[in-house]
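Enquirer: Here is a sequence together with a model predicted from it:
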Amino acid sequence: MLILISPAKTLDYQSDLPTDRYTQPELLDYSQQLIAVARKLSAPQISSLMHISDKLASLNETRFHEWQPDFTPQNARQAILAFKGDVYTGLQAEEFSDADFEFAQQHLRMLSGLYGVLRPLDLMQPYRLEMGIKLENPKGKDLYHFWGDTITEKLNQALEAQGDNIVINLASDEYYKSVKPKKLNAEIIKPVFLDEKNGKFKVISFYAKKARGLMSRYIIENRLTKPEQLTGFNTDGYFFDEATSSKNELVFKRHEQ
């Protein structure tokens, strides 16, 4: 079973690390190509491209220029501990045991605009490069063209290594679009999280993102390997709704708090 999640815009390079184990990203040659493109952008161009403030644009211009291909614990940190967004609030990787990290390293993958695919313990230098931005590059008009089949091929390698063919898609649409489902050697299961508001159940972005992290943690902590085991997820008040679920879409609901 391979879990897919999105990265986060918020990063943390200050907190204490619960593990000193690390690995190197597997697609750094591609990352270097993108860095070369990004370094040609001025701060105002970055601001316009990413729809961010001048201050954030200046920070990321600096990040692009300070980025270097030799990753060490001094200039980078493990991806699963560097990302700090709603998904990662639910995941709480800072509380993982060594065995949790070991299982996650085999079964969890983070999709990334700059790094393509990251394993939890892969070192990562700080960046901001969302998958959906229209960054022209030698391979096309955006990052989907740049990555092509590369991300899918890397996921297929991970599936082959564990002798499995199940992908749990907990990534956002923006990031999952970088995967080619027809070329993925897997059955794809998508958990959906609906929260009740004014008597109606719907996807509420903030809650859904956190729930994706909670589900990832549930799989890792319980060492789940079969999709039917996911239906036992009941963290934070969510419950499996069999009536609205299908084989490839598992619906979880939560009543208004």
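Expert: Good, I have the coordinates.

Enquirer: Wait, Arg119 touches Phe101, no?
Expert: No: using Cβ atoms under 8 Å, Arg119 is not in contact with Phe101; the gap is 10.3 Å. All C-beta spots, glycine's among them, are computed from the backbone N, C-alpha and C.

Enquirer: can you give me the strands in the stretch 101-250 of the chain?
Expert: Using DSSP state E, counting those that start in this stretch, the strands assigned to the stretch 101-250 of the chain run over residues 108-112, 116-118, 123-124, 166-169, 187-197, 200-202, 239-240, 249-254.

Enquirer: so which of these gets nearest Ser47?
Expert: Closest approach to Ser47 among these (Cβ to Cβ): strand 108-112, 21.3 Å.

Enquirer: Flag the shaky bits of the stretch 51-200 of the chain, pLDDT-wise.
Expert: By pLDDT under 70, the stretch 51-200 of the chain contains no weakly predicted segment.

Enquirer: so who does the nearest residue to Gly116 once chain neighbours are set aside touch?
Expert: Spatial nearest neighbour of Gly116, excluding adjacent residues (Cβ to Cβ, 6 or more residues apart in numbering): Leu27 at 4.1 Å. Neighbour list for Leu27: 115-117, 150, 154 [criterion: Cβ atoms under 8 Å, 6 or more residues apart in numbering].

Enquirer: ok, of these, which one's closest to Ile3?
Expert: Using Cβ to Cβ, Val117 is the member of the contacts of Leu27 that sits closest to Ile3, with 12.2 Å.

Enquirer: I figured Glu256 hits Glu196, correct?
Expert: Yes: here Glu256 reaches Glu196: they are 4.3 Å apart, a contact under Cβ under 8 Å.

Enquirer: More neighbours: the two, which one.
Expert: Using other Cβ atoms under 10 Å as the criterion, Glu256 and Glu196 rank with Glu196 on top: 14 against 11.

Enquirer: what bridges to the more buried one?
Expert: Phe201 (DSSP bridges).

Enquirer: how close does it get to Asn60?
Expert: Separation of Glu196 from Asn60 (Cβ to Cβ, to the nearest Å): 38 Å.

Enquirer: neighbouring contacts of stretch 160-173?
Expert: Under the contact criterion Cβ under 8 Å, 6+ apart, stretch 160-173 has outside partners 1-6, 87, 106-107, 111, 155, 159, 176, 179, 184-191, 209, 212, 215-216, 219, 225-227, 230.
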